[in-house]
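S.K.: build me a model:
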Amino acid sequence: MHYKKTLLVVEDEEKLLRTLSDFLILQGYEILQAADGQSALDTFYGHMNKIDLILLDIMLPGISGNEVLKEIRKNSQVPVIMLTANSSVEGQLDSFSWGADDYIVKPYTLAIIKAHVEAVLKRVGKYGQTLEAGGLCLDLPAQKVYRKGEYIETTRREYALLLFFMENQGRVLKREHILDAVWGFDYIGETRTVDTLVKQLRKKLTRECNYIRSVYGVGYIFEADADGKRD
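M.R.: Residues are numbered from 1 along each chain as shown. Next comes the predicted model:
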């Protein structure tokens, strides 16, 4: 199963923004847009757990691209490719020093954009590092969950629980073992904590991917069967 990766395209030239976005959509990406620095930050913080890569123009009205990059790097290591008409070595070094992953000088072709995006995503591990079961797919480097191709937001522990289930598909897992795996061996708490987290996770997975079955008096088993019917 393949899921769409989400790119944030930040460009103040309306025609170029539209052209870039339309092209990347045709390449199979989901696109978010911003035309200035503040909008870029607002969009980033509104979709921070969903964005896989940012194409960021340096010359933006209001907050510059480099200032946007510096702010993003305070909270995230999402890959960022800088777009600029400035071909100077000093300009490139500045962007790299603030955390840019790549640098493309204008004018550029759409084929160059495609090649750079794919190369950066591959380098940071966005390709080929997934765990799949039934209609679920985990993007392991990004720690993201996709249900039938659609991204669903999970907490850190919900993700850890689902990962543990999927890595042990078909095995009956005791609550004590789940507690140790997700909370750690030094956690002091009751096993009912596991039941609460399972309930939360089931709700997010919905009946479309209802693969977690209760095993009375023991714990749970994860089985990605075709019928999807579970207790």
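
S.K.: can you list contacts of the longest strand belonging to the chain?
M.R.: Across the chain, the longest stretch assigned as strand under DSSP state E is strand 51-57. Residues from elsewhere that reach strand 51-57, judged by C-beta atoms under 8 Å, 6 or more residues apart in numbering: 5-13, 20, 32, 40, 44, 65, 68-69, 72, 78-84, 113, 117, 120-121, 126, 142. Where C-beta positions appear, they are placed from N, C-alpha and C, glycine not excepted.

S.K.: next secondary structure after the helix or strand of the chain with the lowest mean pLDDT?
M.R.: Using mean pLDDT, DSSP states H and E, the weakest-scoring helix or strand in the chain turns out to be helix 89-97, at a mean of 73. As assigned by DSSP states H and E, the chain's next helix or strand after helix 89-97 is strand 102-105.

S.K.: show residues contacting whichever helix or strand comes after that following strand.
M.R.: Remark: after strand 102-105, the chain's next helix or strand is helix 110-123, criterion DSSP H and E. The contact list for helix 110-123 (C-beta under 8 Å, 6+ apart) reads 5, 7, 19-20, 23-24, 27, 29, 52-53, 55, 79, 81, 101-102, 104, 127.

S.K.: go again using 7 Å as the cut-off
M.R.: Contacts with helix 110-123, where a contact means C-beta atoms under 7 Å, 6 or more residues apart in numbering, come from Lys5, Leu20, Phe23, Gln27, Asp52, Leu53, Pro79, Ile81, Asp101, Asp102, Ile104, Tyr127.
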